[in-house]
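Trainee: got a predicted model here, sequence first, then my questions.
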2 protein chains.
Amino acid sequence: MILRVSTKGEYGVRLMVDLARHYYSSRPRSLTDIAQAEQLSLAYLEQLVKLLRESEPPLVISTRGAHGGYRLSRPPEEITMGEIVRVLEGPIAPMICATEGEMTQICSLLDSCKTKFLWARVRDAVAQTLDSMTLADLVGASEQETQNAPTHFISISDIRVAPSSAL
Amino acid sequence: MILRVSTKGEYGVRLMVDLARHYYSSRPRSLTDIAQAEQLSLAYLEQLVKLLRESEPPLVISTRGAHGGYRLSRPPEEITMGEIVRVLEGPIAPMICATEGEMTQICSLLDSCKTKFLWARVRDAVAQTLDSMTLADLVGASEQETQNAPTHFISISDIRVAPSSAL
DNA sequence: AATATATCCTAGTGAGCAGGTCGGATTAAG
DNA sequence: CTTAATCCGACCTGCTCACTAGGATATATT
């Protein structure tokens, strides 16, 4: 499992998509409502939204008190999925040796340097995919687009709906 | 850290690259030699090579006894990095809901289905990158090619050489 | 002013897994 | 028959994930 999106990333993206869908509402959206709509724990969402609020620049803005809640800090078109995922999951790095950034690292070992070339390519592929999509793209994505998702692979189909229980 | 290559994947790929470099040798290459060349634990490499040997089809072939060791089961050009990584790290899936394969899954929740579209795109980007490279590409990759790796991002540069200690 | 409804903050915790180590059994070459 | 290698399974240890708990603070409504 080379690609590991933790529940932070999974739930956090869902939270942001929810906020994007309610972006043009007159009132902020409360975590209680989001937790109910997405069937997630309120207390846990509070931790995630903290990351989104304290990021630089912030991705959401809060209003405290009754009838408070959260809004996107910018319109959905201007928030890339790359920003969101980096805030929630940390930098896109397959390993400590391949953090995003330059790779002019001298390595004493024979083959490990050559493999870095591989991991850098994978990292850049992920980064480019995430950076080329915005929240608006996801909200606009309706069912037929989801069907069009490329499926070059044979079915494995041990897919479940409930998260987190099994790995 | 959305991309998590464990040491299984990291060391295992290095092992395969080492075998590729010695593919045209007359004698099989022992794990002891590889462990020394790559500064890895022999006992741990034994676990990894087991995966590569027992995969279907096998990626390496062993010769037991003195002067024994391992060879690639096929020439380096015919072994893709995607095959290797899948054997070592398991299927390329960002989460349990997005295993490689078709994504015609009905999901009761509102936004989680839309986010699946995102994860599927990321997954396919990784899969395509890995499947389009072979062991021969990596062995042939010399230093100037490594320099050419795309670097669209600002340096973060808390890069270390020693693996596994910190996260 | 009182209450209800929110956000905010910190700590703790239980299970599971990554990342190995260890000891020994088997096989074959010299 | 010794040496060098592959094989095999059990065990262990620390870390991180995925929460939960309990409260403090802020504000709109009544």
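Mentor: Nice, thanks for sending it over. Numbers count the residues shown, from 1 in each chain, chains lettered A, B, ... in the order given.

Trainee: ok, how many other residues are close to A:Val5?
Mentor: 27 (other CB atoms under 10 Å in any protein chain shown). C-beta here means a position set from N, CA and C on the backbone, and glycine is covered the same way.

Trainee: surely it touches B:Lys116?
Mentor: No. Using CB atoms under 8 Å, A:Val5 is not in contact with B:Lys116; the gap is 11.0 Å.

Trainee: and stretch A:22-32, does that touch DNA strand D?
Mentor: No. Legend: contact between stretch A:22-32 and DNA strand D by CB under 7 Å from any atom of the strand is lacking; minimum distance shown is 9.2 Å.

Trainee: spell out which parts of chain A neighbour DNA strand D.
Mentor: A:6-8, A:41, A:43-44, A:46-47, A:63-68, A:163-164.

Trainee: poorly predicted segments of chain A, please.
Mentor: Scanning chain A with the threshold set as pLDDT under 70 gives A:96-112, A:141-167.

Trainee: the strands in it, which residues?
Mentor: Under the criterion DSSP state E, chain A carries strands at the ranges A:60-63, A:69-72.

Trainee: the first one: which residues count as buried?
Mentor: The neighbour-count criterion (16 or more other CB atoms under 10 Å in any protein chain shown) identifies A:Val60 as the buried residues of strand A:60-63.

Trainee: OK, contacts around A:Leu59?
Mentor: A:Met16, A:Leu52, A:Arg53, A:Leu72, A:Ser73, A:Arg74, A:Ile79, A:Glu83, A:Ile84, A:Val87 (CB atoms under 8 Å, 6 or more residues apart in numbering or on different chains).

Trainee: make CSV from the residues you listed and add neighbour count to it.
Mentor: CSV is the format used below for those (neighbours: other CB atoms under 10 Å in any protein chain shown):
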residue, neighbour count
A:Met16, 30
A:Leu52, 23
A:Arg53, 15
A:Leu72, 20
A:Ser73, 16
A:Arg74, 16
A:Ile79, 20
A:Glu83, 20
A:Ile84, 26
A:Val87, 21
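
Trainee: filter those residues down to the ones in helices?
Mentor: With DSSP state H as the criterion, helices contain A:Met16, A:Leu52, A:Arg53, A:Glu83, A:Ile84, A:Val87 from among the contacts of A:Leu59.
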